[in-house]
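Q: Next one to model:
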Amino acid sequence: MIMLNQVGYNKKQAKYAVVTKAGAYEVINSKKEVVLKVETGESIQDPLCGETLYKLDFSKVSEPDTYKLTAQDGEESYSFAVGEDV
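A: Numbering: from 1, shown residues only. Presented below is the predicted three-dimensional model:
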């Protein structure tokens, strides 16, 4: 599962997602181009849901566009925007 802000992110601010699978993820733009490859960070055990969660930092993405996060197994996030007015 990929959890992120579906409304979007301001291009100048930090951008994070939380995922349930460790590994590599790609940030894909609206042209279906890979703009960034990121690895999961430290894991945390969420006491409420009982799952192990991992943080993804994709703050390097700053070009206004619509994006998706994609896992190695093909799982995709919902689309999200990066822009000045988000």
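Q: distance of the closest residue in space to Val34 that isn't next to it in sequence from Phe58?
A: Distance criterion Cβ to Cβ, 6 or more residues apart in numbering; nearest residue to Val34, sequence neighbours excluded, is Glu26 at 4.8 Å. For every residue, glycine as well, the C-beta is placed using N, CA and C. Relative to Phe58, Glu26 is positioned 10 Å away (criterion: Cβ to Cβ, to the nearest Å).
Q: residue contacts, the residue nearest in space to the middle of the chain?
A: Centre of the chain computed as the mean C-alpha position; nearest residue by Cα atoms, centre = their mean is Ala17, 4.3 Å away. With contact set as Cβ atoms under 8 Å, 6 or more residues apart in numbering, Ala17 has these partners: 2-4, 25, 55-56, 58, 69, 77.
Q: Swap in 7 Å and give it another go.
A: Contact partners of Ala17, counting by Cβ atoms under 7 Å, 6 or more residues apart in numbering, are 2-4, 56, 58, 69, 77.
Q: Which PyMOL command selects the buried ones in those?
A: With 16 or more other Cβ atoms under 10 Å as the burial test, the buried ones among these are selected in PyMOL as follows:
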select buried, resi 2+4+56+58+69+77
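Q: Out of the contacts of Ala17, the closest to Lys37 would be?
A: Checking the contacts of Ala17 against Lys37 with Cβ to Cβ, the nearest one is Phe58 at 9.6 Å.
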